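Novice: I'd like to go over a predicted model; first the sequence, then the structure.
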Amino acid sequence: MDEVGAARRWWMLAASTLAQASAAVMYHGPAFLIPALHEQEGLSLAQAGLVAAAPTVGVMLALVAWGWVTDRVGERFVLLAGLGSAAVAGVVSALVDGLVPMALALLLAGAAAASTNSAGGRVVVGWFPAHRRGLAMGIRQMAQPLGVGVAALTIAVVADRSGVQAALWAPALACAASAVVVALVVIDPPRPARAAGGTPSPYRRDRFLPRVHGVSVLLVVPQFVVWTFALVWLVQERGWSPAAAGGLVAGAQVLGALGRIAAGHLSDVVGARMAPLRWVALAAAAAMGLLALATGLDWAIAVPLVVLATVVTVADNGLAFTAVAERAGPFWSGRALGVQNTAQFLAGSAVPPVAGLAVTHLGYAAAFALAALFPVLAAPLVPVDAERELS
């Protein structure tokens with residue numbers, strides 16, 4: 001930890017956060033094309049959801065591979081290669097004609113942007129001590145909701161005014177800019193020498209990591225339901241303009257980012273990641289259930305409840321991410337984080353089309369109620385008793 005000064009560590013945290021935010025704009029941003037794809041291109045909500053899911057499918061396919069490269073080569077190389085490739089693929093998605101070529105380019109862009117998940121997290125875990133990692137990772141993980149907020153403010157509005165392809169320049173430019181910052185700031189963190197014969201897999205040690213992966217998969221469902229359909233719900237059901245709806249979603253994402261910082265700091269204070277993770281799961285179940293009830297009864301409080309649900313459903317990510325990296329160790333954390341995020345994005349890729357079908361046939365209230373069931377299932381699975389004290 002002494003090889004660089006404290007100020008340099010915080011600058012690398014900022015660079016990692018920017019990289020993750022840019023990647024989030026790339027692979028979550030197409031969800032905000034759904035209104036334009038539905039109204040301008042004539043796609044059904046389920047079809048538009050498939051297009052929006054393309055980059056998350058790309059992320060899912062590439063995460064473990066990027067994690068392996070991070071374990072072998074290093075964080076800086078992975079960040080630069082991934083962000084540069086994502087920028088190129090994003091430009092291609094904005095220039096090609098036809099929805100299928102655009103979806104394929106978005107899939108490749110998502111696969112490239114997946115590099116930031118393991119490598120950026122490893123930068124933070126590698127440079128910050130255990131008693132500061134929860135806070136540091138909470139700050140770094142705020143990048144995802146902030147990226148979604150930026151996407152809501154840019155992609156939804158530009159798509160409404162200038163079309164789908166014009167809106168796709170935003171994530172491409174964001175990835176290009178963050179690659180420059182990473183090149184200027186990030187240094188690979190130190191790691192101990194490899195033991196003779198290699199390091200044994202942490203998955204053989206106990207069931208802690210698989211349980212955290214499973215809990216995170218369940219908790220990602222309400223998160224993606226709210227992310228994907230909050231803006232559409234505000235426009236279609238509440239009569240908001242895309243600009244106003246995008247502003248509310250962006251504000252909610254900022255609050256969600258602050259919630260991740262608070263959750264991470266809380267885990268540092270209590271000296272554990274899993275107990276706060278269970279608390280977040282219970283809060284997410286309550287928030288989604290109340291949102292479903294208010295939506296079904298057409299109460300005005302449904303709008304502030306969708307903000308609350310947005311904040312609560314994203315608070316778990318940094319806790320689980322930090323716990324996985326700490327448990328896996330420096331020679332397995334890239335792959336373990338890749339598995340963690342692959343499982344999440346596998347679930348996340350299925351959410352837009354499946355939730356689109358649920359909204360079409362059952363309505364928004366039923367879709368929100370179904371999403372509330374997943375954190376109910378997750379809470380008892382959190383391995384609170386199996387967690388070691390932070391060290």
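Specialist: Done, it's in.
Novice: Do a quick rundown of the helices in the stretch 201-350 of the chain.
Specialist: 208-236, 242-270, 274-296, 302-313, 317-328, 333-362 (DSSP state H, counting those that start in this stretch).
Novice: and these, which is most packed in?
Specialist: The highest mean neighbour count among the helices of the stretch 201-350 of the chain, using mean count of other Cβ atoms under 10 Å, belongs to helix 317-328: a mean of 26. C-beta coordinates here come from the backbone N, C-alpha and C atoms, glycine included.
Novice: hmm, who's touching it?
Specialist: With Cβ atoms under 8 Å, 6 or more residues apart in numbering as the test, helix 317-328 has contacts from 121-122, 125, 130, 133-134, 137-138, 140-142, 144, 202, 208-209, 212-213, 215-216, 219, 223, 260, 263-264, 267, 273-274, 276-277, 280, 333, 335-337, 340, 387, 390.
Novice: Kindly report the same for stretch 142-152.
Specialist: By Cβ under 8 Å, 6+ apart, stretch 142-152 touches 16-25, 28-29, 31-32, 170-171, 174, 227, 231, 246-247, 249-254, 256-258, 260-261, 310, 314, 317-318.
Novice: Would you mind listing the buried residues in the helix or strand bottoming out on mean pLDDT in the chain?
Specialist: Ranking every helix and strand in the chain by mean pLDDT, DSSP states H and E puts helix 34-39 at the bottom, with a mean of 77. The neighbour-count check on helix 34-39 (16 or more other Cβ atoms under 10 Å) flags 34-38 as buried.
Novice: quick one: Ala179 from Val88, how far?
Specialist: 11 Å (Cβ to Cβ, to the nearest Å).
Novice: Which one's more surrounded, the two?
Specialist: Ala179 (22 against 17; other Cβ atoms under 10 Å).
Novice: contacting residues around the more buried one?
Specialist: 19, 79-80, 83-84, 87.
Novice: Just these: which are in strands?
Specialist: Among the contacts of Ala179, no member falls in strands (DSSP state E).
Novice: Next, format those residues as CSV and append neighbour count.
Specialist: Shown next, in CSV, are those (neighbours: other Cβ atoms under 10 Å):
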residue, neighbour count
Ala19, 33
Leu79, 30
Leu80, 18
Leu83, 31
Gly84, 18
Ala87, 24
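Novice: In JSON lines: those residues, plus pLDDT.
Specialist: Output for the contacts of Ala179, formatted as JSON lines (pLDDT from 0 to 100):
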{"residue": "Ala19", "pLDDT": "93"}
{"residue": "Leu79", "pLDDT": "93"}
{"residue": "Leu80", "pLDDT": "94"}
{"residue": "Leu83", "pLDDT": "95"}
{"residue": "Gly84", "pLDDT": "94"}
{"residue": "Ala87", "pLDDT": "95"}
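Novice: what about stretch 191-207, start to end distance?
Specialist: 25 Å (Cα to Cα, to the nearest Å).
Novice: That one - what's its average pLDDT?
Specialist: Stretch 191-207 comes out with an average pLDDT of 72.
Novice: tell me which element the most centrally placed residue in the chain falls in.
Specialist: Nearest residue to the geometric centre of the chain (Cα atoms, centre = their mean): Gln144, 4.8 Å. Assigned by DSSP states H and E, Gln144 belongs to helix 143-162.
Novice: Buried residues of that helix, list them for me.
Specialist: So, applying 16+ other Cβ under 10 Å, buried residues of helix 143-162: 143-160.
Novice: leaving aside the residues next to it on the chain, what's closest to Leu45?
Specialist: Gly356 (4.0 Å; Cβ to Cβ, 6 or more residues apart in numbering).
Novice: and if you look at Gly29?
Specialist: Closest to Gly29 by Cβ to Cβ, 6+ apart is Ala151, at 3.6 Å.
Novice: Please apply the same query to Leu305.
Specialist: Leu291 (4.4 Å).
Novice: For Gln223, see how far away the one you found is.
Specialist: 13 Å.
Novice: now, among the contacts of Ala179, which is nearest to Ile187?
Specialist: Leu79 (11.3 Å; Cβ to Cβ).
Novice: In space, what's closest to Ser178 - neighbours in sequence excluded?
Specialist: Ser178 sits nearest to Ser22 (Cβ to Cβ, 6+ apart), 4.0 Å away.
Novice: Surely that neighbour touches Val180?
Specialist: No. When contacts are counted by Cβ atoms under 8 Å, Ser22 is not listed as touching Val180 (10.8 Å).
Novice: Quick one: distance of the least confident helix or strand of the chain to the chain centre.
Specialist: 23 Å (Cα atoms, centre = their mean, to the nearest Å).
Novice: Which secondary structure elements does the helix or strand that that helix is followed by sit against?
Specialist: Per DSSP H and E, the first helix or strand lying C-terminal to helix 34-39 is helix 45-72. Counting contacts by 3 or more Cβ pairs under 8 Å, 6 or more residues apart in numbering; DSSP states H and E, helix 45-72 packs against helix 6-28, helix 34-39, helix 75-95, helix 99-113, helix 115-127, helix 208-236, helix 333-362.
Novice: tally of neighbours for Leu184?
Specialist: Leu184 has 9 nearby residues by other Cβ under 10 Å.
Novice: show me what contacts it?
Specialist: Here Leu184 is in contact with Ala15 (Cβ under 8 Å, 6+ apart).
Novice: Does it belong to a helix, a strand or coil?
Specialist: helix (DSSP: H, G, I helix; E, B strand; the rest coil).
Novice: how close does it get to Leu18?
Specialist: For Leu184 relative to Leu18 (Cβ to Cβ), the value is 11 Å.
Novice: Pretty sure Ala46 sits against Leu357.
Specialist: Yes. With contact defined as Cβ under 8 Å, Ala46 reaches Leu357; the gap is 5.3 Å.
Novice: So which of Ser22 and Val180 has more stuff around it?
Specialist: Ser22 (30 against 14).
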